[in-house]
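**Q** fold the following, please.
(one chain, ligands or ions: 1)
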Amino acid sequence: MAQLSPILKQATPVVVDHGEGVYLYDVDGRRHLDFTAGIGVTSTGHCHPRVVAAAQEQVGKLIHGQYTTVMHKPLLELTERLTEVLPSGLDSLFFSNSGSEAVEAALRLSRQATGRPNIVVFQGGFHGRTVAAASMTTSGTRFSAGFSPLMSGVHVAPFPFAYHYGWDEQTATDFALRELDYLFATQTSPQETAAFFVEPMLGEGGYVPANSEFLAGLRRRADEHGILLVVDEIQTGFGRTGKFWGHQHFDVRPDIMLIAKGLASGFPLSGIAASRELMAKAWPGSQGGTYGGNAVACAAAVATLDVIQQEGLVENAAARGRQLLENARAVGDKTAAIGDVRGLGLLVGSEFVTADGKPDTATAQAAQKAAAERGLLLLTCGAYMNVVRMIPPLVVTAEQIDEALDIWADVVASVTK
Ligand SMILES: Cc1ncc(COP(=O)(O)O)c(C=O)c1O
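**A** Sure, this is the predicted structure:
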């Protein structure tokens, strides 16, 4: 009998039967509070009735209307609806299936539009697993190990990860920008640099928000040298951070934005947004794919936008995010084993450290496992996998946050005693 690859590991032993809102129900009928949301995907909750209805209706009409062969209504409707939420000036869209594909599409556009070969990424960033995206990923060596030779032309500058460096935010930001200038002088000249690729908040890299001064520094250098600023909103988009886009916390203007995850409530759909002028610089024939802009995924995405807007999910993410961060900080304050609790909106991470301040992977993993046994599903992240992250759906209620945090407080007490 065939079996799944033995290295495809599940973070929890749960075998799911069905999902509803914030809950997953396993094949034995046990209920789990899902604070992973499919790695930040099911923002409207599992199987939101409006998303289900839209997808079911679309399945009966057209499943696959291959978008380089024919145009279909859900794709046109989604493109129009996204106009309401896209940052001003980003009025042209290309759709693909996964986050990594969107990263590759933005890379291709950046190189074609500027005629320059190199890009700069920021340490701790995660952009995906395909060869280009893995080459741009520095959140952990596991994503690129054994995969070399990787793509050339990628240069890595520091991200202002103050807690990691043991500095305050200002010192970390000054350092990151100074090193970027040094990188321009020593590794890739600005004239050879096509784009910066940056997350508004490191996701896989450990839930580390950027800051306004750092991103303004990137914008200034981009404008000065004709470099494109590509903001990877794959994990932070669609209200997840308590604003529609993560970068809106920092008042910065992207040239290209990457979208996926929260876009279609679990259907594979991703894309890039840029200005019409910039998108027109892509070379003919360079954008396409068999499954991109799938009709059912697009119909689900339109329904997802309806739910986000009509149920006030961005506002809910902001309010529930404050509650989640405050309460997670209260848990962290009670033990030296949690060195830092940080996040934006409904993306909150607790970093576990040993008594001498080193990354404590074992305790983080024990806490994640103990939480799962208690019916609270969480994930880890960070270079050392020592950050436990909470990413509940945007429909989460105050009571569900309290329920999760009660479990979390008990779990942390039990694994750190
Ligand atoms: C910020 C960011 N970029 C890119 C990706 C890659 O997306 P995918 O796994 O769909 O290829 C992810 C996935 O977690 C992500 O969080």
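**Q** for the ligand, what is the nearest residue in the protein?
**A** G99 (2.1 Å; CB to the nearest ligand atom). Heads up, the C-betas are built off the backbone N, CA and C, glycines and all.
**Q** burial count for that residue?
**A** If you count neighbours by other CB atoms under 10 Å, G99 ends up with 26.
**Q** ok, it touching T130?
**A** No. Here G99 lies out of contact with T130, judged by CB atoms under 8 Å, at a distance of 9.7 Å.
**Q** and the residue of the chain closest to the ligand, what does it touch?
**A** By CB atoms under 8 Å, 6 or more residues apart in numbering, G99 lies in contact with H127, G128, A133, I234, L258, A260, K261, S270.
**Q** what does P359 give?
**A** Residues near P359 by CB under 8 Å, 6+ apart: E351, F352, V353, G382, A383, Y384, N386.
**Q** which SSE is the closest residue to the third one other than its chain neighbours in?
**A** Going back to what we said before, that points to V353. With sequence-adjacent residues excluded and distances taken as CB to CB, 6 or more residues apart in numbering, V353 is closest to G339, at 3.8 Å. Assessed by DSSP states H and E, G339 sits inside strand 338-344.
**Q** next: G217.
**A** If you go by DSSP H and E, G217 is part of helix 212-225.
**Q** most neighbours among the contacts of P359, please name it.
**A** Counting neighbours by other CB under 10 Å, F352 leads these with 30 neighbours.
**Q** can you verify Y182 is assigned to a helix?
**A** Yes. With DSSP: H, G, I helix; E, B strand; the rest coil as the criterion, Y182 is located in a helix.
**Q** neighbours of it, just the number please.
**A** When counting by other CB under 10 Å, one arrives at 11 neighbours for Y182.
**Q** do a quick rundown of the helices in this protein.
**A** Counting by DSSP state H, the chain has these helices, from start to end: 37-40, 49-61, 73-82, 99-114, 131-135, 162-165, 169-186, 212-225, 276-279, 295-310, 313-333, 361-373, 398-416.
**Q** around the ligand, pick out the residues from the stretch 151-300 of the chain.
**A** Proximity of the stretch 151-300 of the chain to the ligand, by CB under 6 Å from any ligand atom, involves residues E199, G203, E204, D232, I234, Q235, A260.
**Q** farthest-apart pair in these, please.
**A** E204 and A260 (13.7 Å; CB to CB).
**Q** higher neighbour count, those two?
**A** More neighbours surround A260 than the other of E204 and A260, with 29 against 26 (other CB under 10 Å).
**Q** so what's the more buried one up against?
**A** A260 neighbours (CB under 8 Å, 6+ apart): S98, G99, A102, I234, G237, L269, S270, G271.
**Q** what residues are bridge-paired with the residue nearest to the first one when sequence neighbours are not counted?
**A** I take that to be S98. Nearest residue to S98 in three dimensions, chain neighbours excluded: S270, at 5.7 Å (CB to CB, 6+ apart). S270 has the following beta-bridge partners by DSSP bridges: S96.
**Q** show the pLDDT at S270.
**A** What the model reports as pLDDT for S270 is 98.
**Q** and the residues of the stretch 151-300 of the chain next to the ligand as JSON lines, adding pLDDT?
**A** Shown next, in JSON lines, are these (pLDDT from 0 to 100):
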{"residue": "E199", "pLDDT": "98"}
{"residue": "G203", "pLDDT": "98"}
{"residue": "E204", "pLDDT": "98"}
{"residue": "D232", "pLDDT": "99"}
{"residue": "I234", "pLDDT": "98"}
{"residue": "Q235", "pLDDT": "98"}
{"residue": "A260", "pLDDT": "98"}
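**Q** ok, those vs N316, which is closest?
**A** N316 has its nearest neighbour among these in Q235, at 18.1 Å by CB to CB.
**Q** residues contacting the residue nearest to the closest one when sequence neighbours are not counted?
**A** Closest residue to Q235 apart from its sequence neighbours, by CB to CB, 6+ apart: G203 at 4.0 Å. Residues in contact with G203 (CB under 8 Å, 6+ apart) are G40, F126, S139, I234, Q235, T236, L347, C381.
**Q** looking at the residues you listed, which are in strands?
**A** L347, C381 (DSSP state E).
**Q** please parse the chain into its domains.
**A** Listed by automatic domain parsing, the domain ranges of the chain are 16-34+312-415, 51-310.
**Q** which residues does the residue nearest to G375 when sequence neighbours are not counted contact?
**A** The spatially closest residue to G375, leaving aside those adjacent along the chain, is H32, at 5.2 Å (CB to CB, 6+ apart). Contact analysis of H32 by CB under 8 Å, 6+ apart lists T12, V14, Y23, L24, Y25, D26, A372, G375, L376, L377.
**Q** please name the residues that touch R240.
**A** Taking CB under 8 Å, 6+ apart, one finds G40, S43, G246, K261, G262, A317, G345, L346, L347, I391, L394 in contact with R240.
**Q** confidence-wise, which of those comes last?
**A** The lowest pLDDT within the contacts of R240 belongs to S43, with 94.
**Q** please name the residues that touch that residue.
**A** Residues in contact with S43 (CB under 8 Å, 6+ apart) are 37, 238-240, 261-262, 265, 304, 308, 313, 393-395.
**Q** which residues does the closest residue to G21 other than its chain neighbours contact?
**A** Leaving aside its sequence neighbours, G21 sits nearest to G45 (CB to CB, 6+ apart; 4.0 Å). Residues in contact with G45 (CB under 8 Å, 6+ apart) are G19, E20, G21, V22, P393, L394, V395.
**Q** and if we set it to 6 Å?
**A** G21, V22, P393, V395 (CB atoms under 6 Å, 6 or more residues apart in numbering).
**Q** and which of those residues is nearest to E277?
**A** Closest to E277, out of all of the contacts of G45 and judged by CB to CB, is P393, at 36.7 Å.
**Q** so what pLDDT did the residue lying closest to the closest one once chain neighbours are set aside get?
**A** Once flanking residues are discounted, P393 sits nearest to G45: 4.4 Å by CB to CB, 6+ apart. On the pLDDT scale, G45 is placed at 98.
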